[in-house]
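Quick check, what structure comes out for this input:
(chains A, B and C)
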Amino acid sequence: VKIVTFITDFGTQDAFVGSMKGAFLSITDQVHMIDITHDVPSQDILSAQLILNDAYPYFPEGTIHVAVVDPGVGTQRKPLIVESKGHIFVGPDNGLFSFTLEDPEAKFWMIDADRISPSRSATFEGRDLFAIAAGRLCKKERISSIGRSISTIVDQSPPKPVWNGKVLEGEVLQIDRFGNLMTNIQWAQVEKNVTVHLGKRKIGRAVRTYGDGKPTKPLALWNSTGKLEIAIPNGSAAMKLRAKRGTKVTVTKG
Amino acid sequence: VKIVTFITDFGTQDAFVGSMKGAFLSITDQVHMIDITHDVPSQDILSAQLILNDAYPYFPEGTIHVAVVDPGVGTQRKPLIVESKGHIFVGPDNGLFSFTLEDPEAKFWMIDADRISPSRSATFEGRDLFAIAAGRLCKKERISSIGRSISTIVDQSPPKPVWNGKVLEGEVLQIDRFGNLMTNIQWAQVEKNVTVHLGKRKIGRAVRTYGDGKPTKPLALWNSTGKLEIAIPNGSAAMKLRAKRGTKVTVTKG
Amino acid sequence: VKIVTFITDFGTQDAFVGSMKGAFLSITDQVHMIDITHDVPSQDILSAQLILNDAYPYFPEGTIHVAVVDPGVGTQRKPLIVESKGHIFVGPDNGLFSFTLEDPEAKFWMIDADRISPSRSATFEGRDLFAIAAGRLCKKERISSIGRSISTIVDQSPPKPVWNGKVLEGEVLQIDRFGNLMTNIQWAQVEKNVTVHLGKRKIGRAVRTYGDGKPTKPLALWNSTGKLEIAIPNGSAAMKLRAKRGTKVTVTKG
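Numbers count the residues shown, from 1 in each chain, chains lettered A, B, ... in the order given. Next up is the predicted model:
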């Protein structure tokens, strides 16, 4: 059976998620459905992109990922299928899949919406188009039978950190539900011994695990996706350090 | 495999949902389980009814829908199986399935609770009775082997809109998590060009998609289930327009 | 197919749950995955223990339960497999599985983490170790091939009620999302006719179902897991009675 994941901003209180899955199952029930999350902040394409990029590599190759954060539904934005690193992505062309632009082998298709869902609603293509397209791919239909190849997709990649002499200048990209600050700085970019600042505040050396910090004291660590994270054990770094998306983070060797 | 959906007001923090699914899986594991939602407001039968009625038609025929919003658990209210339009519904007889009363072909059964779950608890029939009944139907047991036919069910249908001359008078039935107002007025009931009022406030012409409105301005649109919805793009119509369940909505031709 | 349940404090907003399930599915997709809850209060081992102990007996024997509430991740705490009453439990050795210590037949293993996941992260063993171990058990690998037998596990059992003459003295263990108070007093420990006090406040006779109480009046009932519960129909007993974990509850015969 195929594995299909879902990531949306639909929430879990209304009929949206159920209707979308029902539409999918009306195409095929030979599927494992996994929810990545339906609690992406409303219309927050960047959050969805970061969460999907964190989660998808852990799924087996061949997994289909349906992502629907879609402020442009009903307008001319393209419905999309992307193939990258053995995974398939289905959703609107609004930047959700920007991370696949870093893969030179990635391939892009525009779904032929009028052919596969001629009477779709103007406000809910998650149910009426993307679930149908994903269901048909799950049944092993060839991508070329439901879409046509295009050369590229919308790029809404998050800002990348830049070297300024010996200082790597990055920023906070996302805040998790505990108030931990996820940055755009990757382990792979720097040496092991670095000192971290959040704005002008010194956080200290980057450590290995939460247990290496002191309760209520801010700490910097390399998290489980290889990114630099700033956290306060048993507290909210976002609130206590007054940080938000875009707050500057710098890393200095030594 | 059979598809089984669940809609409840159990929330997702406690052991309730897990226990109910475990009880089901102890009967059969040849099943696809789909959560419609477990976040129905506590004891809000009308909300559950509207959400289920929005979602179920998108599932394939043969799907079993388990709905448990059950303020009368432990009392004399009947445990129910309903068959309508190729779908099976299982839950308490308290109005949850009122929408099936509009189907003249619908059939109703009272579950023989003492036979299929003699030692059930007095407070959790979702786990002890409805999951068991649904599991047995999923194993293709005939409905008549676990219940007896009855002639009708409790009717708690929401109010319907009424024509007053050239004005269709309806009301707000439900508010989603974004504060959008769902009304009881259906696309099929009116002509294309209509003007919408919420109470005495003019909202304007009903449009096709959120993108047709202006940010922060109220708009009326025909939503993805064919109902008239009043929304404020990027805002809460419920809060800003001080609307709630029962607030009057009128539609005038032209 | 095998059934695997998950209970964690990861929440459902971030990539954690998806990544963990993806890692599992990369080992095997012959599985039914069921979420008990991911909304355990952060690092609240006692809550997770109580919820898991309430839910697991309803699953069929052979079910694998993955529990990850893991404040000690990255430290020397043991990664664990427990077998008890036909069920398998996988997670950190921090008290999560204390209830299995009451089963004299229970067996315990320490997972050989360096062998099955040598390059795991220091902060996310739910994804990098426990999901992998559970996936391998799901593929019918013998437990002894991924861990070594140990004699016991960490005991963080909740306090038990004690008899003081004719009075059974217990306490509130947990509060559900409705504000209902779950105690550590079991139906099996007392006779049918008992009078219940919360602190010095008389609640009254323990009844059978919520419907036996009066709206807004506190009541005591034997709940669906056989425990004494104190509730206020349509209200929060925790707030109105100013009760919390540890508040004393006494039961007197007659």
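
Give me the secondary structure label for the residue lying closest to A:D9 once chain neighbours are set aside.
Spatially, and ignoring its direct neighbours in sequence, A:D9 is nearest to A:V40 (4.1 Å; Cβ to Cβ, 6 or more residues apart in numbering or on different chains). C-beta coordinates here come from the backbone N, C-alpha and C atoms, glycine included. Taken by DSSP: H, G, I helix; E, B strand; the rest coil, the conformation at A:V40 corresponds to coil.

For A:V40, give me its contacts.
A:7-9, A:47-48, A:51, A:69, C:13 (Cβ atoms under 8 Å, 6 or more residues apart in numbering or on different chains).

ok, 10 Å please
A:7-11, A:46-52, A:67-69, A:96, C:13 (Cβ atoms under 10 Å, 6 or more residues apart in numbering or on different chains).

Just the ones of those in strands?
Here DSSP state E is the test, and those give A:7-8, A:67-68 as lying in strands.

Now pLDDT, neighbour count and distance to chain C too, for the residues you listed, in JSON lines please.
Output for the ones in strands among the contacts of A:V40, formatted as JSON lines (pLDDT from 0 to 100; neighbours: other Cβ atoms under 10 Å in any protein chain shown; distance: Cβ to the nearest Cβ, whole Å):
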{"residue": "A:I7", "pLDDT": "98", "neighbour count": "28", "distance to chain C": "8"}
{"residue": "A:T8", "pLDDT": "98", "neighbour count": "24", "distance to chain C": "12"}
{"residue": "A:A67", "pLDDT": "98", "neighbour count": "29", "distance to chain C": "12"}
{"residue": "A:V68", "pLDDT": "98", "neighbour count": "27", "distance to chain C": "15"}
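
which of those lies closest to B:F24?
A:T8 (25.9 Å; Cβ to Cβ).

Which residue, other than its chain neighbours, is closest to that closest one?
Nearest non-adjacent residue to A:T8, counting by Cβ to Cβ, 6+ apart: A:V68, 4.5 Å away.

And A:S236, by the same measure?
In this structure, A:S236 finds its nearest non-sequential neighbour in A:G179, 2.7 Å apart by Cβ to Cβ, 6+ apart.

just A:I175 next, same as before
A:A238 (4.7 Å).

So what's the residue count around that neighbour?
When neighbours are counted by other Cβ atoms under 10 Å in any protein chain shown, A:A238 registers 21.

Against A:I232, how distant is it?
9 Å (Cβ to Cβ, to the nearest Å).

which neighbours do the two share?
A:178-181.

Out of those, the closest to chain B would be?
Set against chain B, the nearest of the shared contacts of A:A238 and A:I232 by Cβ to the nearest Cβ is A:F178 (16.8 Å).

Next one: the closest one from A:F108, what distance?
Following Cβ to Cβ, the distance that separates A:F178 from A:F108 is 36 Å.

more neighbours, these two?
Between A:F178 and A:F108, A:F108 has the larger neighbour count (other Cβ under 10 Å), namely 21 against 17.

how about the more buried one, what does it touch?
When contacts are counted by Cβ under 10 Å, 6+ apart, A:F108 touches A:78, A:80-84, A:89, A:93, A:97, A:100-101, A:147, A:149-153.

same thing with A:S121?
For A:S121, the contacting residues are A:73-74, A:127-129, B:208-209, B:222-226, by Cβ under 10 Å, 6+ apart.

That one - that's part of a strand, no?
No: according to three-state DSSP, A:S121 belongs to no strand; its state is coil.

closest point of the stretch 151-254 of chain A to chain B, which residue?
For the stretch 151-254 of chain A, Cβ to the nearest Cβ, closest residue to chain B: A:R177, 14.1 Å.

Next, work out how far apart the most centrally placed residue in chain A and chain B are.
The centre of chain A sits closest to A:Q49, judged by Cα atoms, centre = their mean, with a distance of 2.5 Å. A:Q49 is 20 Å from chain B, where distance means Cβ to the nearest Cβ, to the nearest Å.

didn't that residue look like it was pressed against A:A55?
No: if you go by Cβ atoms under 10 Å, A:Q49 and A:A55 don't touch, sitting 11.3 Å apart.

Overlap of the contact sets of these two?
Common contacts of A:Q49 and A:A55, defined by Cβ under 10 Å, 6+ apart, comprise A:I7.

Need the pLDDT of A:R208.
Looking at A:R208, its pLDDT reads 83.

swap in A:C138?
97.

Spit out the contact partners of it.
By Cβ under 10 Å, 6+ apart, the contact set of A:C138 is A:1-4, A:24, A:27-33, A:64, A:88.

Which residues of the stretch 151-254 of chain A lie near chain C?
Proximity of the stretch 151-254 of chain A to chain C, by Cβ under 10 Å from any Cβ of the partner chain, involves residues A:174, A:176-178, A:180, A:182, A:207-212, A:221-226, A:229, A:231, A:233-234.

Buried ones among these?
Buried by 16 or more other Cβ atoms under 10 Å in any protein chain shown: A:174, A:176, A:178, A:180, A:182, A:207, A:209-211, A:221-225, A:229, A:231, A:233, out of those.

Surely the residue nearest to A:T8 touches A:F97?
No: counting by Cβ under 10 Å, A:F97 is not a contact partner of A:V68; they are 12.0 Å apart.

quick one: the helices in the stretch 101-250 of chain A?
A:113-116, A:125, A:131-138, A:237-240 (DSSP state H, counting those that start in this stretch).

Report how many residues lie close to A:V66.
Around A:V66 there are 25 other residues, counting by other Cβ under 10 Å.

partners of it in the sheet?
A:F6, A:V90 (DSSP bridges).

quick one, what contacts it?
A:4-8, A:20-21, A:24, A:33, A:36, A:88-91, A:126, A:130-131, A:133-135, A:137.

rerun that using 8 Å as the cut-off
A:4-7, A:90-91, A:126, A:130-131, A:134.

now do A:N94
Counted by Cβ under 8 Å, 6+ apart, A:N94 has contacts A:45, A:69-72, A:77, A:154, A:156.

Can you turn the buried part of those into a PyMOL selection?
Buried residues within these, by 16+ other Cβ under 10 Å, are selected in PyMOL with:
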select buried, chain A and resi 45+69+70+71+72+77+154
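
Format the contacts of A:N94 as JSON lines; extra columns: distance to A:T252 and pLDDT.
Below are the contacts of A:N94 laid out as JSON lines (distance: Cβ to Cβ, whole Å; pLDDT from 0 to 100):
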{"residue": "A:I45", "distance to A:T252": "32", "pLDDT": "97"}
{"residue": "A:V69", "distance to A:T252": "36", "pLDDT": "97"}
{"residue": "A:D70", "distance to A:T252": "41", "pLDDT": "94"}
{"residue": "A:P71", "distance to A:T252": "39", "pLDDT": "90"}
{"residue": "A:G72", "distance to A:T252": "41", "pLDDT": "88"}
{"residue": "A:R77", "distance to A:T252": "42", "pLDDT": "93"}
{"residue": "A:V154", "distance to A:T252": "35", "pLDDT": "98"}
{"residue": "A:Q156", "distance to A:T252": "30", "pLDDT": "97"}
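
any idea how far A:A15 is from A:R120?
17 Å.

So for these two, which residue has more residues nearby?
A:A15 (25 against 19).

for that one, phi and psi?
phi -80, psi 0 (degrees, to the nearest 10).

Distance-wise, check it relative to chain B.
Taking Cβ to the nearest Cβ, one finds A:A15 at 4 Å from chain B.

I'd guessed that residue sits against B:I36; true?
Yes: with contact defined as Cβ atoms under 8 Å, A:A15 and B:I36 form a contacting pair (6.8 Å).

Next, show the common contact partners of those two.
Both A:A15 and B:I36 are in contact with B:51-52, B:55, where contact means Cβ under 8 Å, 6+ apart.

So which residues of the stretch 101-250 of chain A form strands?
A:107-111, A:147-150, A:162-164, A:167-175, A:181-186, A:194-198, A:201-207, A:219-222, A:227-231, A:248-253 (DSSP state E, counting those that start in this stretch).

Now do the fifth one against strand A:248-253, angle only.
Our comparison of strand A:181-186 with strand A:248-253, counting by axes from the mean of the first three to the mean of the last three Cα atoms, to 10 degrees, yields an angle of 50 degrees.

Same check on the fourth one?
Counting by the same axes, to 10 degrees, strand A:167-175 points 140 degrees away from the direction of strand A:248-253.
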